[in-house]
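1. below are the sequence and a predicted model for it; my questions follow.
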Amino acid sequence: MLVQRNHETDMTIRIGIIGTGVMGADHANTLARNVPGAVLECLYDADQARARSVADATGAKNVATSPTDLIKNSSIDAILIASPDQTHKDLVLECLAVKKPLLCEKPLAPSAAECLEVIGAETKLGRRLVQVGYMRRFDPPYVEMREALRSRQLGKALMLHCVHRNVSAPSWFDEKMAVTNSAVHEFDIARFLLDDDLARVDAHVPAAASGTSVGAPVFLVLHSVRGITVTIEVFNNAGYGYEVNGELVCEKGSLSLRQPAHLETRAALAQTITYPADWRPRFETAYRLQLRAWVESIKTQKPEGASAWDGYAASAIAEAGLRSLAQKGGAAIAMERKPGLYS
Ligand SMILES: NC(=O)c1ccc[n+]([C@@H]2O[C@H](COP(=O)([O-])OP(=O)(O)OC[C@H]3O[C@@H](n4cnc5c(N)ncnc54)[C@H](O)[C@@H]3O)[C@@H](O)[C@H]2O)c1
């Protein structure tokens with residue numbers, strides 16, 4: 001059984017969240033207030049006090065004492081995983097073992113091999129239950145960019161330029177994390193926008209930043225299977241604000257993301273807009289639409305958003321990116337053959 005109840009007659013999806021840090025708390029808040037047909041049933045966090053305070057703030061009914069209890073709880077239909085990256089694979093496999101649909105925050109797992117374990121378990125079930133939290137697929141400007149490209153009015157895509165900047169990186173965030181944790185968003189959105197896989201990556205840290213152990217910028221040049229060039233700058237220690245930019249250059253014109261601004265101030269001989277401190281305001285709509293689509297997909301049993309295969313692709317590209325950084329030269333992106341479940 002997909003879930004324990006008949007959704008034809010009972011259309012409320014009871015959700016459990018594992019990990020109630022920045023993202024888990026944000027998703028809990030959105031699910032409690034902005035997703036029709038969802039009920040926040042239970043939360044778990046390794047820090048029990050944290051789970052309790054998020055439950056109090058969002059009205060979640062219960063707090064679990066272990067992730068396994070939450071996953072196996074028969075009054076929970078679907079699970080959202082928002083714990084640290086290295087915990088994802090085992091939790092996803094536990095959810096699949098009890099055949100429950102899940103939304104796993106990105107990355108599906110830090111390594112391609114772990115993602116393939118998930119794909120193995122899901123293909124064995126013969127049914128897609130995994131959605132990966134690559135929420136940019138629901139961000140209206142990216143969706144418009146994709147539609148504009150598909151309309152062919154600007155001709156073929158030639159180049160995609162992506163920029164991803166954060167205010168400051170935590171002390172444990174090195175250039176490898178910039179690739180496996182941040183650039184994965186860009187890998188996924190490039191595959192989504194271009195409807196193409198990526199074949200080769202050349203990654204480097206600017207020589208001027210060598211010796212920077214925390215948040216050094218990483219610059220990547222990738223080539224898609226159809227020959228589109230993708231450039232990505234990830235700078236997690238950019239100092240001034242959170243910013244994501246993208247420009248898709250086509251044969252007859254270009255499409256650029258605009259920075260959303262709610263307010264412009266003119267004062268003291270200057271005109272200013274502010275940058276958000278992190279990603280939540282910029283992608284608020286995308287997170288909400290992603291959660292709504294996830295809940296709807298559980299009711300209709302029609303998968304939405306990034307699949308486990310997409311999660312694997314992003315992590316496989318990241319792995320090639322790490323190889324390229326280590327060998328100081330380009331690396332081929334090797335992918336397994338795609339199982340029919342994901343066609
Ligand atoms: N989609 C996005 O835009 C986006 C943005 C930021 C982070 N993320 C991803 O979301 C996940 C969480 O990131 P975050 O920024 O919320 O981190 P965070 O550190 O704020 O929160 C992680 C939470 O998980 C808890 N935790 C640790 N180990 C656990 C375990 N074994 N089981 C359950 N809970 C555990 C911690 O106590 C903490 O409360 C990461 O995988 C991250 O890559 C996604």
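-> Cool, got the structure. Numbering: from 1, shown residues only.

2. how about the residues of the stretch 151-300 of the chain by the ligand?
-> Within the stretch 151-300 of the chain, the positions lying close to the ligand (Cβ under 6 Å from any ligand atom) are 181, 279. All C-beta spots, glycine's among them, are computed from the backbone N, C-alpha and C.

3. pLDDT below threshold where in the stretch 151-300 of the chain?
-> Within the stretch 151-300 of the chain, no stretch has pLDDT under 70.

4. neighbours of the closest residue to the ligand within the stretch 1-150 of the chain, how many?
-> Per Cβ to the nearest ligand atom, Gly21 is where the stretch 1-150 of the chain lies closest to the ligand, at 1.7 Å. Gly21: 15 surrounding residues under other Cβ atoms under 10 Å.

5. can you list the helices and strands that the longest helix anywhere in the chain packs against?
-> Secondary structure of the chain per DSSP state H: the longest helix is helix 308-327. If you count contacts as 3 or more Cβ pairs under 8 Å, 6 or more residues apart in numbering; DSSP states H and E, helix 308-327 packs onto helix 112-125, strand 130-132, helix 175-177, helix 184-194, strand 198-204, strand 218-224, strand 331-332.

6. for the residue nearest to Arg282 when sequence neighbours are not counted, helix, strand, or coil?
-> Nearest non-adjacent residue to Arg282, counting by Cβ to Cβ, 6 or more residues apart in numbering: Pro276, 5.6 Å away. Assigned by DSSP: H, G, I helix; E, B strand; the rest coil, the conformation of Pro276 is coil.

7. cool, and His164?
-> Three-state assignment for His164 (three-state DSSP): strand.

8. which residues touch the residue of the stretch 1-150 of the chain closest to the ligand?
-> With contact taken as Cβ atoms under 8 Å, 6 or more residues apart in numbering, Gly21 is in contact with 45, 50, 82-83.

9. same question for His223.
-> Neighbours of His223 in contact, by Cβ under 8 Å, 6+ apart: 198-200, 229-230.

10. among these, the buried ones, what's the PyMOL command?
-> If you want just the buried ones from these in PyMOL, going by 16 or more other Cβ atoms under 10 Å, the selection is:
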select buried, resi 198+199+200+230
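
11. any chance of the contacts of His223 in TSV, plus distance to Asp56?
-> Output for the contacts of His223, formatted as TSV (distance: Cβ to Cβ, whole Å):
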residue	distance to Asp56
Leu198	44
Ala199	49
Arg200	50
Thr229	50
Val230	44
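
12. which among the contacts of His223 gets closest to Ile317?
-> Nearest to Ile317 among the contacts of His223: Leu198, at 5.4 Å, using Cβ to Cβ.

13. tell me what the closest one is bridged to.
-> For Leu198, the beta-bridge partners are Ser224 (DSSP bridges).

14. what pLDDT does Glu8 get?
-> We have a pLDDT of 48 for Glu8.
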